[in-house]
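Engineer: Below is the sequence, then the predicted model.
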Amino acid sequence: MKLIASIRTISIALCLLGPASADELTTPGDATSLGFSAARLARIAPWYQGRFDAFSPSDGLLPGAVVAIAKGGKLAYLQAIGFQDRAKTVPMKTDSIFWIASMSKPVTSVAAMMLVDEGKLDLDAPVVRYLPELAEMRVASLKTDPATGKTEYGLDPPKRPMTVRDLLRHTSGLIYPEMDFAYPERGLSDADAEFAIRVIHMLYGSKAVFRRDKTLADFVSSLASLPLAHQPGEVHEYGWNADVLGRIVEVVSGQSFDQFLQSRIFAPLHMVDTGFYVPKEKLDRLVDSPMPERPPIWDVTKPTKLFSGGGGLVSTAPDYLRFCQMLLNEGELDGVRLLSPQAVKQMTTNALSPDARIFGGDEVGSRAGTTFGLGFGIRVNPVFSWIPGAVGSYSWAGLWGTYFWIDPVEKLIGLQMIQATPGSKGRAALRYAGINHLTYGALTVAGSSSSAPPAGSAMASPEALADYAGMYDFGASVSSRDRQGLADGKTGWLGIEAFVTMEPEGLRINRPLPHSPAAKAGVVAGDLITELDGAPLKGRSLGDVLARLRGQADTAIRMKTVHKGQDGANELSVVRAARSVDTVQLQLRVEQGRLVAEAMGAWPLLAFEKGKATPLVATSNNEFAVEDEDHTRIAFVRDTAGRVSGLILNPGPWEQKAAIIAPAPK
């Protein structure tokens, strides 16, 4: 009896501990203890409100947002901003309900990996093992008769079966009806390839039965007569993979997909407002569509028969934050384990082969410094990334602008819930870089001193201070935790960075962007670049090569290229064109005999803000400090002639370097 009583006591204690742990993700804690500056976190809401004031619903932006940030398993920031309706009569709530669209895909991926963990689903099994109705799918092929020049459309057998792993990493050959890119394919001319690919996309739009009054089984059956756009495993292209995966979950589990998600994910994680529709009693929390004249394919106010794993879910910031925290905790939250740590690691590690070509998608591609795992975009190449964050951070977004990322190094989660029309001016104003920059910019400087540095023994003269005045540019991506970005203020691009493959002998060009510097210089799809500025590319990593491609605008890079089917190499010189990149700049000037600094670029920078002159205190002949919570330090750099050429912010392991781009006039 004593043993039973002890067990009961322990059980009660554990129950009492559970809610306390859960509260850590519902009630914001002390920002300072979590490693944030409360003052810099407070910049987030005004930044969003400024965009809501500048753009109306007619610009495609609903005037409200919910932003959540967690660190170390505790909530640091949760803020409702603006309104959840177009008429601006209903204030946004922290638990307002959003259609999260493609942020459904990570949930579906977790569902599948749970079955993999249980030994019920095989990642490398052919999809037809679970969905035999897809056994006869063929691959679209385009062949040109060299004698007549006529291009014909045909069907080839797949070189290997489509697998469950292919569905998770979007390499199955299944695509979406929409076509966001026109790209040369299989060595054809642009016009031929673009027309042929359009035809395939149109087939997916006209033949696939994707309606709310049909089931996932109906939908999958309708795909059986369609061609795959690519050979399985060869190309990453965003498509209907997660919806097919949802049907596999149904077949393997014996439950409808909505029942599986509710019983196995939503209920255990206490995701109380997540599902495939909004019940009547919760409709007062549903955020308006930004485009009521063109309603989305999902009327989420009514129950549905089609449980779309690719885009059907609605959710709230607190709910989705719990889902993210489970992933950051390697599959567990509040004593409930959904996935093994091994499964989470597998999902958040690059799953694309080195020779996989990448077509389409906002988050995937070397231009964004990311690759793809089993359900997530993963940051692998900070040299070519325009947003801050640790290598290994993973993320995804929804069609209407909902977005999350998880940084396993900082133990940080960021979540943006908005509703904006794709391609609209309002959507562009709230691109993902904003919340990333503001969040990392609010982190306190690692290893900062707890006491203010001593001031200099003498105040520098106004003449001496004038040497430091000018505009300093840090590049595109800079914060207290990120040192990436080109510190020149004139970042250039070539137009081949987006879709490339690293091969043993060099860099293969899947396609240059039309009218780009590379295309104008003669680079075509299929080219192999073997040298850059005289340096052979054989054996180099993709990240190294992309770093070599990157450089200042109006500078030239020499390439040695081999056209497909040719033996000889071509020598090309391509001049980088200026690209529009949000840079971080700091203006220093002398006011009333003191050196002051003001942020002048796209983002605030630590203590420095636009419109606010922050005084600098001299600590030595060449160094200054700010009397802020981080005790930010600035050391100036001089060239061989003794002129100030740049500065270093917080010298040390997390230092940031800036080049002077506009010295103050003498």
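Structural biologist: Sure thing, it's come through. Numbers count the residues shown, from 1 in each chain.
Engineer: And stretch 223-241, what's buried?
Structural biologist: If you call a residue buried by 16 or more other C-beta atoms under 10 Å, then stretch 223-241 has these buried ones: 223, 226-241. C-beta coordinates here come from the backbone N, C-alpha and C atoms, glycine included.
Engineer: Correction: the previous question concerned stretch 568-575.
Structural biologist: L572, V574.
Engineer: What average pLDDT does it get?
Structural biologist: The predicted model gives stretch 568-575 an average pLDDT of 89.
Engineer: Same question for stretch 433-443.
Structural biologist: 89.
Engineer: Send over it as PDB, restricted to the C-alpha atoms.
Structural biologist: Extracted in PDB, the C-alpha atoms of stretch 433-443 (Å, rounded to 0.1, in the frame of the first residue of the first chain):
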ATOM      1  CA  ALA A 433      13.700  39.100 -43.300                       C
ATOM      2  CA  GLY A 434      12.000  41.600 -41.100                       C
ATOM      3  CA  ILE A 435      11.100  39.400 -38.200                       C
ATOM      4  CA  ASN A 436      14.400  37.600 -38.500                       C
ATOM      5  CA  HIS A 437      16.500  40.800 -38.300                       C
ATOM      6  CA  LEU A 438      14.400  42.300 -35.500                       C
ATOM      7  CA  THR A 439      14.600  39.100 -33.400                       C
ATOM      8  CA  TYR A 440      18.300  38.500 -33.700                       C
ATOM      9  CA  GLY A 441      18.900  42.200 -33.300                       C
ATOM     10  CA  ALA A 442      17.100  42.000 -30.000                       C
ATOM     11  CA  LEU A 443      19.500  39.400 -28.600                       C
END
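Engineer: Is the residue nearest to I648 when sequence neighbours are not counted part of a helix or strand, or is it coil?
Structural biologist: In space, and not counting its chain neighbours, I648 is closest to A635: 4.7 Å by C-beta to C-beta, 6 or more residues apart in numbering. Of the three states, A635 takes strand under DSSP: H, G, I helix; E, B strand; the rest coil.
Engineer: how close does A635 get to N650?
Structural biologist: A635 sits 9 Å away from N650, taking C-beta to C-beta, to the nearest Å as the criterion.
Engineer: of the two, who's got more company?
Structural biologist: Comparing A635 with N650 by other C-beta atoms under 10 Å, the one with more neighbours is N650, at 21 against 17.
Engineer: And the closest residue to D467 other than its chain neighbours, what's its pLDDT?
Structural biologist: Distance criterion C-beta to C-beta, 6+ apart; nearest residue to D467, sequence neighbours excluded, is V644 at 5.5 Å. For V644, the pLDDT comes out at 93.
Engineer: Wait, V644 touches F636, no?
Structural biologist: Yes. Counting by C-beta atoms under 8 Å, V644 sits close enough to F636 to count as a contact (5.3 Å).
Engineer: Now the common contact residues for these two.
Structural biologist: Taking C-beta atoms under 8 Å, 6 or more residues apart in numbering as the contact rule, V644 and F636 both touch Y468.
Engineer: Make sure Y320 is indeed in a strand.
Structural biologist: No. Y320: not assigned to a strand; according to three-state DSSP it is helix.
Engineer: Quick check: closest non-adjacent residue to it.
Structural biologist: Of all residues not flanking Y320 in the chain, L415 sits nearest, at 6.1 Å (C-beta to C-beta, 6+ apart).
Engineer: Look up the pLDDT of that neighbour for me, please.
Structural biologist: On the pLDDT scale, L415 gets 97.
Engineer: Now do the same contact list for it.
Structural biologist: Per C-beta under 8 Å, 6+ apart, neighbours of L415: V66, V67, A68, I69, A317, Y320, L321, C324, Y403, F404.
Engineer: so what's the residue nearest to the second one when sequence neighbours are not counted up against?
Structural biologist: Read that as V67. What sits nearest to V67 in space, not counting adjacent residues and going by C-beta to C-beta, 6+ apart, is Q79, at 5.3 Å. Contacts for Q79 (C-beta under 8 Å, 6+ apart) come out as I44, A45, V66, V67, A68, T94.
Engineer: one step back: quick one: the residue nearest to D467 and A519, what's the gap?
Structural biologist: V644 is 40 Å from A519, where distance means C-beta to C-beta.
Engineer: now swap in E133 and tell me
Structural biologist: E133 is 42 Å from A519, by C-beta to C-beta.
Engineer: When the two are compared, which one has more neighbours?
Structural biologist: Applying other C-beta under 10 Å to E133 and A519 shows that A519 carries more neighbours, namely 20 against 14.
Engineer: Starting from E531, give me the distance back to that one.
Structural biologist: Distance of A519 to E531, computed by C-beta to C-beta: 19 Å.
Engineer: rewinding a little: identify the bridge partners of the residue nearest to I648.
Structural biologist: Counting by DSSP bridges, A635 forms beta bridges with E623, I648.
Engineer: can you start the count at 57 instead of 1 from here on
Structural biologist: With 57 as the first residue, the last one maps to A691.
Engineer: Just the pLDDT for it.
Structural biologist: Looking at A691, its pLDDT is 95.
Engineer: Name all residues that make contact with it.
Structural biologist: Taking C-beta under 8 Å, 6+ apart as the criterion, A691 is in contact with N678, E679, L703, I704, P707.
Engineer: On the pLDDT front, check the residue nearest to D340 when sequence neighbours are not counted for me.
Structural biologist: In space, and not counting its chain neighbours, D340 is closest to V146: 7.8 Å by C-beta to C-beta, 6+ apart. Predicted confidence (pLDDT) for V146: 97.
Engineer: count of residues packed around V146?
Structural biologist: 16.
Engineer: From what I see, it and F139 are in contact.
Structural biologist: Yes. Here V146 reaches F139: they are 5.9 Å apart, a contact under C-beta under 8 Å.
Engineer: mind checking how far stretch 397-413 is from the chain centre?
Structural biologist: 16 Å (C-alpha atoms, centre = their mean, to the nearest Å).
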